[in-house]
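Trainee: pasting the sequence and the predicted coordinates here, then a few questions.
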Amino acid sequence: MERKVLSKMVSGLFKGPEEDSFVSTQKIKRDLALEGQVTPVFKSPLVKPQSLNDYVTRAEARRESMKDASQISDNQVEVTLPEESTINFMGDLHFGNPNTDNKRIQQEVEVIKNTPNSFVVLMGDMVDGIFWGGASQSEQNQTMGEQYGFLRTLFKELKDKIITGVSGEHDSKWASKSGSDPYDIMTAETGAPYVRGVAEIGINVGDWLYKLVASHKARGHSMYNKNHPTYRESRFHLQGGDIYASAHNHQKQVSQEVLRDFGGETREVTHVAIGSYKSKDEYGDRSGFPQQKDGEMYGASVRLHKDRKKVDVEKDILEAVKRWSQE
């Protein structure tokens with residue numbers, strides 16, 4: 001059967017032997033679309049299926065990239081101090097709160113700066129933060145910019161004195177909500193490492209290695225023992241330290257104990273829980289905590305000897321300077 005050759009090439013289908021049974025592709029697609037049967041035709045190449053190795057390789061590369069860009073150091077830090085030295089623990093400053101003892105902060109910074117072989121570990125909550133909402137936010141007497149400026153100035157003032165800094169909740173939550181971590185500038189300003197979480201700090205003094213475990217918030221709480229969090233840390237989470245230091249609870253206590261290891265060897269362990277530089281806030285008032293006084297507040301210090309493995313402890317930074325600078 002003869003069929004006429006179409007003058008224009010048109011794709012389509014013949015539904016039967018008759019010449020008028022030809023239906024173009026365009027009409028077929030239009031009729032299907034009117035019936036709701038739309039089948040897309042992809043001209044771009046399909047995405048290659050991903051293997052497990054593809055996902056793992058990409059994740060590892062991004063992890064290394066993020067690590068290179070981060071200002072957060074590894075949790076293990078080691079430092080060598082030239083002489084018998086004092087380590088001061090300062091944290092829970094809560095700068096920006098109207099009940100913070102700002103003069104005391106300034107006094108301790110000046111004393112540490114001008115005392116040879118006196119160093120500091122920053123224990124977090126250095127600022128009060130402004131992103132708490134409600135009454136807590138109304139307690140702030142410093143803006144975010146002023147609190148950020150305070151931290152930057154503090155780092156500059158304590159340059160060459162800071163061993164490390166660990167972040168707390170007020171300053172780290174402030175960072176997460178503002179999109180900028182205020183501790184990012186610490187390493188740039190001081191050269192000291194910034195650790196998030198639990199810091200394992202090896203301090204070499206003379207021939208001795210002192211193992212310091214420092215965190216803003218050690219786990220646990222006891223109404224009978226203010227050092228309970230560090231005792232728990234030393235027994236169940238990170239054994240073998242010489243000094244355990246924590247903050248957060250605003251409950252000050254220093255203590256020492258002697259532990260017996262296998263074989264009869266004994267070692268002394270020092271526990272330090274520092275107080276706050278903020279005497280009260282609305283949360284404490286509602287929770288039934290009385291306003292704190294000088295003896296309950298502020299940081300604490302330890303003295304590391306170089307001629308023997310010995311740690312002295314003093315619950316007040318200013319008293320530590322008076323006591324040990326005369327020796």
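Mentor: Yep, that arrived. Residues are numbered from 1 along each chain as shown.
Trainee: and the pLDDT for the residue nearest the centre of the chain?
Mentor: By C-alpha atoms, centre = their mean, the chain has its centre lying nearest to R196, at 2.9 Å. R196 carries a pLDDT value of 86.
Trainee: quick check: it vs D171, distance?
Mentor: 11 Å (C-beta to C-beta, to the nearest Å). Where you see a C-beta, it was placed from the backbone N, CA and C, and this is true even at glycine.
Trainee: and for N227?
Mentor: N227 is 24 Å from D171, by C-beta to C-beta.
Trainee: wait, R323 touches K315, no?
Mentor: No - in this structure R323 lies outside contact range of K315 using C-beta atoms under 8 Å: 11.1 Å.
Trainee: which of the two has more neighbours?
Mentor: When neighbours are counted by other C-beta atoms under 10 Å, R323 and K315 differ, and K315 comes out ahead with 20 against 15.
Trainee: kindly provide the distance from that one to K252.
Mentor: From K315 to K252 the distance is 7 Å (C-beta to C-beta).
Trainee: again with L318
Mentor: From L318 to K252 the distance is 14 Å (C-beta to C-beta).
Trainee: tell me which of those two has more neighbours.
Mentor: K252 (23 against 16).
Trainee: excluding chain neighbours, what is closest to the more buried one?
Mentor: Of all residues not flanking K252 in the chain, G275 sits nearest, at 3.5 Å (C-beta to C-beta, 6 or more residues apart in numbering).
Trainee: which residues touch the one you found?
Mentor: Neighbouring residues of G275 by C-beta atoms under 8 Å, 6 or more residues apart in numbering: D92, H250, Q251, K252, Q292, E296, M297, Y298, G299.
Trainee: hmm, the third one is touching A273, no?
Mentor: Yes - under the contact definition of C-beta under 8 Å, Q251 touches A273, with a separation of 6.1 Å.
Trainee: can you list residues touching both of those two?
Mentor: K226.
Trainee: so between the two, which is more surrounded?
Mentor: A273 (26 against 22).
Trainee: now the more buried one: how far from F236?
Mentor: 17 Å.
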